[in-house]
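Enquirer: sequence first, predicted model second:
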Amino acid sequence: MALLEVEGLRTVFPSQEGEVSAVEGASFSLSEGEVLGLVGESGSGKSVTAFSLMRLVQAPGRIAAGSVRFEGRDLLSLDEREMRKLRGRRMSMIFQEPLSSLNPVWTVGQQVMEPMLLHGGVTRREARERALAMLARVGIADAARRFNDYPHQLSGGLRQRVMIALALVCEPKLLIADEPTSALDVTIQAQILELLRDLQRELGMAILMITHDLGVVAEIADRVNVMYAGRIVESAPVETLFRAPAHPYSAGLLQSVPDMGEERERLPTIRGIVPRPGEMPPGCAFAPRCPYADAACTVAPPPVHTLTDDHAAACVRPLGAHG
Amino acid sequence: MAETLVDIAGLEKHFAVAGGGWFSRRKLAVRAVDGVDLAIRRGETLGLVGESGCGKSTLGRLILRLVRPSAGAIRFGGVDIATLEGAALRAVRRRAQMIFQDPYGSLNPRMRVADLVTEPLRIAGRPPAAGYRAHAESLLQSVGLDAQHAERYAHEFSGGQRQRIGIARALALEPELVVADEPVSALDVSIRAQVINLMQDLQARHRLTYLFISHDLGVVHHIADRVAVMYLGRIVELAPKRALYATPRHPYTQSLLAAIPAATPALRGRRVALGGDPPSPLAPPPGCRFHTRCPHAIERCRREDPPLQAAGEGHSVACLRADEIGPIAIPLIQPGGRAGR
């Protein structure tokens, strides 16, 4: 059984033109211990998907349709009290900017102890010991001294380590990581990715890694979902996606990243810009930018085309499928 | 060899900050740029890379004289502009312009695009022959926007379009040098490539010289002719692009390149993570500034400050042990290449 099963998720926000969907019919699953990358550009709906899974969509936004099953329970039917018992204990989330996610007036140690104390079952002394061990585990040198520091006293890399310690101290089965390394320098990013990979193996947790950076996906993901304009347009094992992307958007994205392995005069580009929410074309949302689009693409949103067992693309004419 | 457009020698910029607690009178200095020698050649793209806080943006601002150096010389077209003031400084500034990272924060939201892109001409008192409106339209077209966009306001545009407006504005005075400070870092991947291509087209058309400041080694690899690597206020390595990426000599450059996420899953995990954080520029370590994180540091590195020295054709490196360590090739080249149609 899958750890997480998302079916037809639709999350909407009101706007002047009526409700617009930030996520439209997203379906995917995540097995225990699996690392799933969720890739997309700004406005693709990847972060809203994450917040929907945690049931943390800010009003007036709301989940309008779909189901989210986690460890066999339907999260969308739980009341807030039950949901709170899951967050931080069975499922956790880390964010791009740790400084705005950590409480500035609490010490690092208090914050790492908090989830254990909230969820109960431990004494303060035990919580303190486990928090210390966790801080050391995430690579904070001199954890006992850092325990009493406040977030502003730490560098960006250390803050992200504290966030990870706080998210993982209860050993959740699922970690949702929303651009966890995007605000960090490249050497620190490498450290954090390595840490996440190690902890994932050690704790056997699943990770939903949300990122715009294909390099991060290449480093850490087992499987990848590519999102465009609120929809999942391609789902594939990571090697397959990089070797043989089936959706023209995924292919364009991969090509437009400067590649240090080869020198090119010009970068291939994806023409045009992402349509604004509320101005979605009637057919495939990518059709206006797609080099292969024709009349069939402008009629209705394309059905999901299954290429192999584990590779699917929402495209009328996926690349490589018909030669 | 191409003519030198900008020649920097012994450049320093220290920012005073209050130190030692809220009520202390003790003053500390952030040594943002701390002894930089660097030449920019006419017509080239010089990439300037480094992590946050290394001083790369301050160096860019010093070259435009948006800030005044604490010491050192900046020769622009042969004239030392380090201490220029008033009209003489403004005259030089017209020859050098800047493109900023944030296309949201750098455009006045209350001005129409036509006025935004021609404002530099108004300030310089150089009305265009064809009139402001016609000139604005031709500037917009040169960066791939429509003439009809001239009537709109910046908020009506996407990030990529705003960056095009910023570029049009920077080019209004037909500068010789453009300092581009992380010009594509805020843009989505698919838009980033469009803006990079535009910058290259404009460089060819107008014979521009670029100082391209970025933390993104992939983008710099694509656009730069030469690359300078900065660490804690100093240039630690300078080389033609191919040499820098293929045979990096400074341990910091080697670690930076090794830290880039793999281009494909096949190369996953093949890297040496650099430990620790960069030290504070308030108190750079003695000796080589990189010794606290360097895997090759020896006792001597803690004492001696290595100068930037020649290490091959157009290649220089500031490392006492560069010869012993030697160039380390990093497996960046992916097997098979990338798929497409």
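Expert: Sure thing, it's come through.

Enquirer: where does pLDDT dip in the stretch 151-300 of chain B?
Expert: Across the stretch 151-300 of chain B, residues meeting the criterion (pLDDT under 70) sit at B:269-273.

Enquirer: stretch A:244-255 - what's its average pLDDT?
Expert: The pLDDT scores in stretch A:244-255 average 95.

Enquirer: give me the residues contacting it.
Expert: With contact meaning CB atoms under 8 Å, 6 or more residues apart in numbering or on different chains, stretch A:244-255 is reached by A:39, A:41, A:214, A:226, A:228, A:233-234, A:236, A:241-242, A:267-270, A:286, A:289-292, A:305, A:307, A:311-315, A:318-321, B:189-190, B:338-341. Quick note: C-beta positions are derived from backbone N, CA and C, even for glycine.

Enquirer: quick one: buried ones out of these?
Expert: With burial judged by 16 or more other CB atoms under 10 Å in any protein chain shown, the buried subset of the contacts of stretch A:244-255 is A:39, A:41, A:214, A:226, A:228, A:233-234, A:236, A:241-242, A:267, A:269-270, A:286, A:289-290, A:305, A:307, A:311-315, A:318-319, B:189-190, B:338-339.

Enquirer: show me the residues you listed that map onto helices.
Expert: In helices, judged by DSSP state H, the following of the buried ones among the contacts of stretch A:244-255 are found: A:L214, A:L241, A:F242, B:V189, B:S190.

Enquirer: in what helix or strand does whatever residue of chain B ends up closest to chain A lie?
Expert: In chain B, the residue that lies nearest chain A is B:P261 (2.9 Å; CB to the nearest CB). Assigned by DSSP states H and E, B:P261 belongs to no helix or strand.

Enquirer: how about residue 147, what does it touch?
Expert: Defaulting to chain A. By CB under 8 Å, 6+ apart, the residues touching A:F147 are A:T107, A:V108, A:G109, A:A131, A:L132, A:L135.

Enquirer: the chain in question should be chain B.
Expert: B:A147 neighbours (CB under 8 Å, 6+ apart): B:E137, B:S138, B:L140, B:Q141.

Enquirer: go again using 7 Å as the cut-off
Expert: With contact taken as CB atoms under 7 Å, 6 or more residues apart in numbering or on different chains, B:A147 is in contact with B:E137, B:L140, B:Q141.

Enquirer: are any of the residues you listed buried, and which?
Expert: Among these, those classed as buried by 16+ other CB under 10 Å are B:E137, B:L140.

Enquirer: would you turn the contacts of B:A147 into JSON lines with secondary structure and distance to B:V113?
Expert: Listed next are those as JSON lines, based on DSSP: H, G, I helix; E, B strand; the rest coil; distance: CB to CB, whole Å:
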{"residue": "B:E137", "secondary structure": "helix", "distance to B:V113": "10"}
{"residue": "B:L140", "secondary structure": "helix", "distance to B:V113": "7"}
{"residue": "B:Q141", "secondary structure": "helix", "distance to B:V113": "12"}
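
Enquirer: name the nearest of the contacts of B:A147 relative to B:V79.
Expert: Comparing those against B:V79 with CB to CB places B:L140 closest, at 32.8 Å.

Enquirer: quick check: residues of the stretch 101-250 of chain A near chain B?
Expert: A:155, A:157, A:185-191, A:194, A:212-213, A:215-216, A:218-219, A:238-239, A:242-245 (CB under 7 Å from any CB of the partner chain).

Enquirer: mind running it again at 8 Å?
Expert: A:155-158, A:185-191, A:193-194, A:197, A:212-216, A:218-221, A:238-239, A:242-245 (CB under 8 Å from any CB of the partner chain).

Enquirer: buried subset of those residues as a ChimeraX selection?
Expert: Buried members of these can be picked out in ChimeraX with the line below, counting by 16+ other CB under 10 Å:
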select /A:155,156,157,158,185,186,187,188,189,190,191,193,194,197,212,213,214,215,216,218,219,220,221,238,239,242,243,244,245
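
Enquirer: inside helices: which ones of the residues of the stretch 101-250 of chain A next to chain B?
Expert: Counting by DSSP H, the part of these found in helices is A:156-158, A:186-191, A:193-194, A:197, A:214-216, A:218-220, A:238-239, A:242-243.

Enquirer: look up phi and psi at A:R89.
Expert: Main-chain torsions, A:R89, degrees, to the nearest 10: phi -110, psi -50.

Enquirer: look up how far chain B lies from it.
Expert: Distance of A:R89 to chain B, given as CB to the nearest CB, to the nearest Å: 30 Å.

Enquirer: now whatever residue of the stretch 201-323 of chain A ends up closest to chain B: closest residue in space, sequence neighbours ignored.
Expert: Taking CB to the nearest CB, chain B has its nearest neighbour within the stretch 201-323 of chain A at A:G215, 2.9 Å off. The shortest distance from A:G215 to any non-neighbouring residue, by CB to CB, 6 or more residues apart in numbering or on different chains, is to B:P261 (2.9 Å).

Enquirer: next, count neighbours for that neighbour.
Expert: B:P261 sits with 22 neighbouring residues when counted by other CB atoms under 10 Å in any protein chain shown.

Enquirer: doesn't A:P281 fall inside a strand?
Expert: No: if the criterion is DSSP: H, G, I helix; E, B strand; the rest coil, then A:P281 is coil and not within a strand.

Enquirer: nearest residue to the middle of the chain?
Expert: No chain specified, so I'll use chain A. Geometric centre of chain A, nearest residue: A:I210, 2.4 Å, by CA atoms, centre = their mean.

Enquirer: not quite, go with chain B.
Expert: Central residue of chain B (CA atoms, centre = their mean): B:I213, at 1.7 Å.

Enquirer: wait, B:T292 touches B:D277, no?
Expert: No: in this structure B:T292 lies outside contact range of B:D277 using CB atoms under 8 Å: 9.4 Å.
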